[in-house]
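Asks: Sequence and predicted structure below; questions after.
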Amino acid sequence: MITADGTVQEVDIACGLKGGRILAMECKVSNDQTNSIKRVNDVVKKAGAWQKHWGNFVATAAMLQGVFAKNEPIRLLQANILVFWSHDLDGFISWLEEAA
């Protein structure tokens, strides 16, 4: 997708939610704490572009797997990005059932 700032910011997963909203989700795997910073920076950048382009129409999320420095998921939450973990797909499914 070309966003409002003219950059292309692809979405890994997009699905419909209640009220005509869309969940735009990035999936990130990290093998160590240092790499997790890069992965989270990418999610924050993309989510910011999606939010700027689509506004309240889009909810942003990250599906994480692997090793992440403890502050990195907190940074995502502070940027209004939902955080889900691949080892807890039941939690994601429960959230999705309520939201969709």
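Replies: Structure received. Predicted model, so just to flag it, every value in this text is computed and none were measured.

Asks: And what about the residue nearest to Ser30 when sequence neighbours are not counted, helix, strand or coil?
Replies: In space, and not counting its chain neighbours, Ser30 is closest to Ser36: 4.0 Å by CB to CB, 6 or more residues apart in numbering. Glycine gets a C-beta too; all of them are placed from N, C-alpha and C. When classified by DSSP: H, G, I helix; E, B strand; the rest coil, Ser36 comes out as helix.

Asks: how much space is there between Ala47 and Asp12?
Replies: Look at Ala47 and Asp12: by CB to CB, to the nearest Å, they are 12 Å apart.

Asks: Compare the two (neighbour count), which wins?
Replies: Ala47 (25 against 14; other CB atoms under 10 Å).

Asks: Now do the helices in this protein.
Replies: Using DSSP state H, the helices of the chain run over residues 33-54, 71-78, 89-99.

Asks: Those helices into CSV, with extra columns for distance to Leu64 and mean pLDDT?
Replies: Shown next, in CSV, are those (distance: least, CB to CB, whole Å; pLDDT from 0 to 100):
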stretch, distance to Leu64, mean pLDDT
helix 33-54, 8, 94
helix 71-78, 7, 98
helix 89-99, 11, 93
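
Asks: And these: which comes nearest Leu17?
Replies: With CB to CB, the closest approach to Leu17 among these belongs to helix 89-99: 4.8 Å.

Asks: That closest one: which residues count as buried?
Replies: Phe92 (16 or more other CB atoms under 10 Å).

Asks: by contact count, what packs against that helix?
Replies: On a contact count with 3 or more CB pairs under 8 Å, 6 or more residues apart in numbering; DSSP states H and E, helix 89-99 meets strand 82-85.

Asks: Given the strand it packs on, what are its sheet partners and their directions?
Replies: Strand 82-85 has its sheet partners listed here by DSSP bridges as strand 58-66 (parallel).

Asks: how big is the angle separating the strand it pairs with from helix 71-78?
Replies: Orientation check (axes from the mean of the first three to the mean of the last three CA atoms, to 10 degrees): strand 58-66 against helix 71-78 gives 170 degrees.

Asks: Please tell me I have it right and Trp50 contacts Met25.
Replies: No - the pair Trp50 / Met25 is not scored as a contact, 10.3 Å apart, by CB atoms under 8 Å.
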